[in-house]
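In: 3D model of this:
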Amino acid sequence: MIYYIFILQLYFLHFQHLYSDIHSYFCADIGRSQSFILIRHKSSGMRKTLFLIISLLIILFFGLNLTWGSVEIPLRSIINILTLSGEEKSSWEYIILYSRLPQAITATLAGAALACSGLLLQTIFNNPLAGPSILGVDSGAGLGVALTMMFFGGTIGGIAGLTTVSGYFAIIISAFIGSGVILAAIIFFSTIIKSNLMLLITGIMIGYLTSALVSILNFFSSEKTVFAYTIWGMGDFSSVSLNMLPVFGGLIFAGLILALLLIKPLNGILLGERYAENLGVNVRLLRVLIFLSTGILTAVTTAFCGPVSFIGLAVPHVARMMFKTSNNKVLMPATILCGSAICLLCNLASNCPGYSYTIPLNAITALIGAPVIIYVIITQRSLKAN
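Out: Sure thing, here's the model as predicted:
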């Protein structure tokens, strides 16, 4: 519902005012040679205009997600259903309230979560190609789902008197457990490994390890089970029911609020770890909190929606290109809003309005995200050449 979008925007505006002194605090000694630092600035009026445009796009795409689909429903009927002001067909009410509305809200929140995760990791690792998948959290979710589907027959529990959980909830629980285990491992390694590069390599290796285990499970599984796992791996915003939205939304908001509270030390880390430590930033604690926020956002999104590719990798660069800044006071809310808008657009495209079939979500996100990453790589090479 549009209400959720306005609540999200209010959070962003609140934290923008809360950290209004960050720009003057961190930008005094910045040189041109620094990478990922506040390069140039849009005027305050231009930034407000961009935020307004993105917010209007979110509202537009949200409305289109409610309006367009395989079943044509009149706009007046949709308004009546949402406002509970008139009697409409029960089938239309079910489609709007239990399918399109939860799907649109899920796309909005998932896009914000994945985009924010990508920005956090690109900042802490000072690597433009870092993303939520780089630490292997989504691979851990995939391993949990693979074990449930292929080894336990799609059920959790039923052993030692435990209640058996199967189907949709079993997939969510197993994905969340798998993500949580990998997240705990990453946080543990971050406390003993000082180098960000070594920690990045550790995360990549954990991802490879979990992917290898999934491949072995696929080899010994039936064709039906492998097909079901493949479908889950394509990503889908329609898996969150209306009853599960409070849980999904609450966890996403918790991760986003933690990320917004890290804006000031994140701006400090842009200047380098030593400079940040001189400013009083506890770099090791900052890394743990960033991994905690990123892990929550990625784990929850992957558990409910499957592994959604390219959003966390590409959207921060889209926000940087639009706002021409690396100041997280501006960039983080911009990235979150851009993530919501792009995911709503991807969901709209994947649903093929007017048709009865659905295109895999990750196919749409790749079509949007891959060109952005190619552009970033070419731009980076051009800057180094110059």
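
In: Tell me which helix or strand Cys292 sits in.
Out: Actually, residue 292 is Leu. It isn't Cys. Using DSSP states H and E, Leu292 maps to helix 283-305.

In: where along the stretch 51-200 of the chain do the strands fall?
Out: 155-156, 165-166 (DSSP state E, counting those that start in this stretch).

In: Tell me the confidence at the residue nearest in space to the middle of the chain?
Out: Nearest to the mean C-alpha position of the chain, by C-alpha atoms, centre = their mean, lies Leu114 at 1.2 Å. Listed pLDDT for Leu114 reads 95.

In: Against Pro265, how distant is it?
Out: 22 Å (C-beta to C-beta, to the nearest Å). Heads up, the C-betas are built off the backbone N, CA and C, glycines and all.

In: what does Thr379 give?
Out: With C-beta to C-beta as the criterion, Thr379 and Pro265 are 27 Å apart.

In: Next: Ile73.
Out: 48 Å.

In: same question, Gly295
Out: For Gly295, the distance to Pro265 equals 18 Å [C-beta to C-beta].

In: Point out where the stretch 101-250 of the chain drops to low pLDDT.
Out: Across the stretch 101-250 of the chain, the ranges flagged by pLDDT under 70 are 152-168.

In: hmm, 90 instead?
Out: Scanning the stretch 101-250 of the chain for pLDDT under 90 picks out the ranges 121, 124-208, 210-211, 214-236, 238-244.

In: Ile252: neighbour count?
Out: As a burial measure, Ile252 scores 23 neighbours (other C-beta atoms under 10 Å).

In: whoops, I mixed them up, Glu72
Out: By the criterion of other C-beta under 10 Å, Glu72 has 10 neighbours.

In: same deal with His317?
Out: 22.

In: what mean pLDDT would you report for the helix or strand hosting it?
Out: Secondary structure assignment for His317, by DSSP H and E: helix 311-323. Averaging pLDDT along helix 311-323 gives 92.

In: what's in contact with that helix?
Out: 42, 47, 50, 110-111, 114-115, 117-119, 121-122, 128-133, 298, 326, 330-331, 334-335, 338-339, 342-343, 346, 365, 368-370, 372-373, 375-376 (C-beta atoms under 8 Å, 6 or more residues apart in numbering).

In: in that helix, what's buried?
Out: By neighbour count on 16 or more other C-beta atoms under 10 Å, the buried set for helix 311-323 is Ile311, Gly312, Leu313, Ala314, Val315, Pro316, His317, Val318, Ala319, Arg320, Met322, Phe323.

In: do stretch 254-261 as well
Out: Within stretch 254-261, the residues scored as buried using 16+ other C-beta under 10 Å are Gly255, Leu256, Leu258, Ala259, Leu260.

In: Nearest residue to the residue located most distally from the centre of the chain in space, please, no chain neighbours.
Out: Distance from the centre of the chain peaks at Glu87, with 37.1 Å (C-alpha atoms, centre = their mean). Using C-beta to C-beta, 6 or more residues apart in numbering and skipping the chain neighbours, the partner closest in space to Glu87 is Asn80 (8.0 Å).

In: list the contacts for the one you found?
Out: Gly86, Glu87, Glu88.

In: Does the last one touch Ser77 like I think?
Out: Yes - counting by C-beta atoms under 8 Å, Glu88 touches Ser77, with 5.0 Å between them.

In: So which of the buried residues of stretch 254-261 are in strands?
Out: Among those, DSSP state E puts none in strands.

In: Present these as JSON lines; the columns should include pLDDT and distance to Phe237.
Out: Below are the buried residues of stretch 254-261 laid out as JSON lines (pLDDT from 0 to 100; distance: C-beta to C-beta, whole Å):
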{"residue": "Gly255", "pLDDT": "94", "distance to Phe237": "18"}
{"residue": "Leu256", "pLDDT": "96", "distance to Phe237": "18"}
{"residue": "Leu258", "pLDDT": "95", "distance to Phe237": "23"}
{"residue": "Ala259", "pLDDT": "95", "distance to Phe237": "21"}
{"residue": "Leu260", "pLDDT": "95", "distance to Phe237": "23"}
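
In: give me phi/psi at Lys224?
Out: Lys224 adopts backbone torsions of phi -60, psi -40, taken as degrees, to the nearest 10.

In: For it, the count of nearby residues, please.
Out: By other C-beta under 10 Å, the residues close to Lys224 number 9.

In: Enumerate every residue touching the residue lying closest to Tyr98 once chain neighbours are set aside.
Out: Distances taken as C-beta to C-beta, 6+ apart put Leu242 closest to Tyr98, at 5.6 Å, once the chain neighbours are dropped. By C-beta under 8 Å, 6+ apart, the contact set of Leu242 is Leu97, Tyr98, Leu101, Pro102.

In: before we move on, what about Pro132?
Out: Leu114, Ser117, Gly118, Leu121, Asp138, Thr294, Leu297, Thr298, Gly312, Leu313.

In: repeat for Ser77
Out: Neighbouring residues of Ser77 by C-beta under 8 Å, 6+ apart: Gly86, Glu88, Lys89, Trp92.
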